[in-house]
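Q: sharing a model that was predicted from the sequence below.
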Amino acid sequence: MTVYKALTIAGSDSGGGAGIQADVKTFQELEVYGMSALTAVTAQNTLGVHGVYPLSVEAVEKQIEAIGEDMGTDALKTGMLFSGEIIRAVAKQIEKYKWEKVVVDPVMIAKGGASLLQEEAILAMKEVLLPQALVITPNIPEAEVLAEMSIHNLEDRKIAAEKLYHAGVKNVVIKGGHADDGEELINLLFDGNEFTYVKSSRIPTKNTHGTGCTFAAAMTAQLAKGQTVQQAVETASAFVHVAIEHELHIGGGHGPTNHWAYQKGRQ
């Protein structure tokens with residue numbers, strides 16, 4: 001029996017909808033063994049982020065080293081990294097263990113509007129982490145920050161994707177959740193040569209907490225199993241679509257998605 005492994009380096013969401021909780025749930029549902037290195041603890045629920053408590057750089061490094069020295073990983077994703085110091089430490093560990101299937105989810109702002117990434121960290125991300133990424137998965141607001149431009153339509157997204165590719169990322173996925181595309185949602189993939197559009201119907205709901213984490217985690221799981229980047233985007237898009245479609249109705253704000261809906265629907 002082949003056991004595929006995936007590592008998430010990210011923050012904790014006490015409400016369970018995003019962060020490492022969403023990542024490990026997604027890994028499990030896609031039949032990949034999940035591991036984690038925690039960067040920060042958040043006090044968080046569907047109504048918002050009520051506190052962010054980062055771990056020390058040493059604590060982050062030790063967790064990653066524990067995985068790298070013993071278990072290894074077939075793919076990894078990064079989520080909320082909080083600070084430039086942590087980003088540089090994570091990038092150094094990725095280089096140390098020569099991990100190549102790296103999915104960077106540049107988590108910057110929570111659903112409720114709270115900032116999850118310090119300003120100085122954006123520069124560190126561009127300098128040391130993006131060049132190591134096999135894939136980056138920003139939503140439109142995050143792509144605007146990283147590409148330093150406004151995005152109003154699909155053509156703008158294509159320009160931003162090209163800019164991020166030329167910044168050193170091998171594959172760019174700009175998600176369409178924040179776009180005004182009517183009833184159609186388009187996740188845009190650029191591999192340096194061509195654009196691929198992965199489309200699905202848009203579901204009108206406020207219960208989308210953790211969709212970005214879940215999307216990147218699903219991609220990571222599929223890459224760990226040997227799928228191509230395009231195949232991983234297609235699976236991740238389908239996973240998130242079904243997770244939103246089968247709502248859980250938890251909490252009074254932006255509720256979490258249903259992580260078990262994908263596998264349940266395939267039974």
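A: In hand now; what should we look at?
Q: okay, and for this protein, where does confidence drop off?
A: 109-118, 177-182, 265-267 (pLDDT under 70).
Q: which residues in it form helices?
A: Applying DSSP state H to the chain gives helices spanning 19-29, 57-66, 84-96, 119-124, 140-147, 154-166, 211-224, 229-245, 261-266.
Q: remind me, longest strand of the protein?
A: Under DSSP state E, the strand in the chain containing the largest number of residues is strand 33-45.
Q: wait, isn't residue 64 in contact with residue 35?
A: No: with contact defined as C-beta atoms under 8 Å, residue 64 does not count as touching residue 35 (9.8 Å). (Glycine included, C-beta is placed from N, CA and C.)
Q: now the longest strand of the chain: buried residues?
A: 33-42, 44-45 (16 or more other C-beta atoms under 10 Å).
Q: please name the residues that touch residue 225.
A: Residue 225 makes contact with 4, 30-32, 74, according to C-beta atoms under 8 Å, 6 or more residues apart in numbering.
Q: now do residue 66
A: Contacts of residue 66 (C-beta under 8 Å, 6+ apart): none.
Q: related to what we said a few turns ago, any common contacting residues for residue 64 and residue 35?
A: Common contacts of residue 64 and residue 35, defined by C-beta under 8 Å, 6+ apart, comprise residue 7.
Q: select only the buried ones of the contacts of residue 225 in ChimeraX?
A: In ChimeraX, this line selects whichever of the contacts of residue 225 come out buried by 16+ other C-beta under 10 Å:
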select :4,30,32,74
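Q: reformat the contacts of residue 225 as JSON lines; add distance to residue 23.
A: Shown next, in JSON lines, are the contacts of residue 225 (distance: C-beta to C-beta, whole Å):
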{"residue": "4", "distance to residue 23": "15"}
{"residue": "30", "distance to residue 23": "11"}
{"residue": "31", "distance to residue 23": "15"}
{"residue": "32", "distance to residue 23": "10"}
{"residue": "74", "distance to residue 23": "15"}
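Q: I'd like to know which of the contacts of residue 225 is nearest to residue 139.
A: Closest approach to residue 139 among the contacts of residue 225 (C-beta to C-beta): residue 30, at 21.3 Å.
Q: ok, that closest one to residue 218 distance?
A: Using C-beta to C-beta, to the nearest Å, residue 30 is found at 6 Å from residue 218.
Q: turn the buried residues of strand 33-45 into CSV, columns for distance to residue 128.
A: Formatted as CSV, the buried residues of strand 33-45 follow (distance: C-beta to C-beta, whole Å):
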residue, distance to residue 128
33, 28
34, 25
35, 22
36, 21
37, 17
38, 20
39, 15
40, 19
41, 24
42, 24
44, 27
45, 33
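Q: mind telling me the two of those residues farthest from one another?
A: Spanning the widest gap among the buried residues of strand 33-45 are 33 and 45, at 28.4 Å by C-beta to C-beta.
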